[in-house]
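# Build me a model:
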Amino acid sequence: MKSFKQYIKEMAYPVSFSFEEFNNIKSYNGKLKYANERLQKISSGSARVVYKVDEEKVLKIAKNKKGIGQNSIESDWGLQRMSDIVAKIFDTNDDHFWVEMELAKKLTPNRFKQLVGMGVNEVQDILNVMYTLNNSSRRNYLKPEQLKELQDEFSQKVNDNEFLTSLTDMIINFGMKYPGDFGRVNSYGEVLREGVPTIVLVDFGLSESVWDDFYKVN
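Numbers count the residues shown, from 1 in each chain. This next block holds a predicted model:
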């Protein structure tokens, strides 16, 4: 029997969609087929499919173990509590087959630059520098004066930009794989935070651990 909380939750979904039925489906393909018949698909990647639920939320469903790994990272309580630049996760299930996430408006490169103060390509370049500074095999190719110049340039750009400060803090504190998806405009979206247009990450599940477990070729 459904709880009152479950009834309230499902009010946002079409009447044909039941989480009780959905959660009882064991296969990836079965869950996707169920969602495809009842929800509006808005995007799909190699690991997950995203469906619009209403004007406030989306449902992200794993297509494989990679997707489950990414769902698990995105729904991490510590990440949700400590980072102010990620979309909110409202709910997930125990095996992370799905996550229910805050709906964010898609961004153009120009809108990204308006909100962040720099273009997404520049963010990618800065993260490339960060990767070089933190990778011994790349860092060792630099002369001491080159290394210092890169360190100074990186520190100044990050310290001068609130978004970059938050992004690099998240990458370091939660072991994110970078530069990767953080240099793609469709990894971000726009939401309102206390009435203020704000940029947030909507695709941030690719941590180093997920990469090593599911993507890395040995």
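# CA only for contacts and neighbour counts going forward, please
Fine.
# quick one, phi/psi of Ser137?
phi -70, psi -30 (degrees, to the nearest 10).
# Going along the chain, name the strands of the protein.
Assigned by DSSP state E, the strands in the chain fall at 40-44, 48-52, 57-62, 89-92, 98-102, 105-106, 188-193, 196-201.
# Where is the longest helix in the chain?
Counting by DSSP state H, the longest helix found in the chain is helix 144-159.
# Could you pull out the buried residues of it?
By 16 or more other CA atoms under 10 Å, the buried positions in helix 144-159 come out as Leu147, Leu150, Phe154, Val158.
# I'd like to check what contacts it. Which residues are they?
For helix 144-159, contacts defined as CA atoms under 8 Å, 6 or more residues apart in numbering pick out Ile126, Val129, Met130, Leu133, Arg139, Leu164, Thr165, Thr168.
# picking up where we left off before, export the strands of the chain to JSON lines and tack on mean pLDDT, distance to Arg81 and mean neighbour count?
Output for the strands of the chain, formatted as JSON lines (pLDDT from 0 to 100; distance: least, CA to CA, whole Å; neighbours: other CA atoms under 10 Å):
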{"stretch": "strand 40-44", "mean pLDDT": "96", "distance to Arg81": "26", "mean neighbour count": "13"}
{"stretch": "strand 48-52", "mean pLDDT": "97", "distance to Arg81": "23", "mean neighbour count": "21"}
{"stretch": "strand 57-62", "mean pLDDT": "97", "distance to Arg81": "18", "mean neighbour count": "24"}
{"stretch": "strand 89-92", "mean pLDDT": "94", "distance to Arg81": "10", "mean neighbour count": "16"}
{"stretch": "strand 98-102", "mean pLDDT": "96", "distance to Arg81": "14", "mean neighbour count": "23"}
{"stretch": "strand 105-106", "mean pLDDT": "96", "distance to Arg81": "22", "mean neighbour count": "14"}
{"stretch": "strand 188-193", "mean pLDDT": "95", "distance to Arg81": "15", "mean neighbour count": "18"}
{"stretch": "strand 196-201", "mean pLDDT": "96", "distance to Arg81": "14", "mean neighbour count": "18"}
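# All set, thanks.
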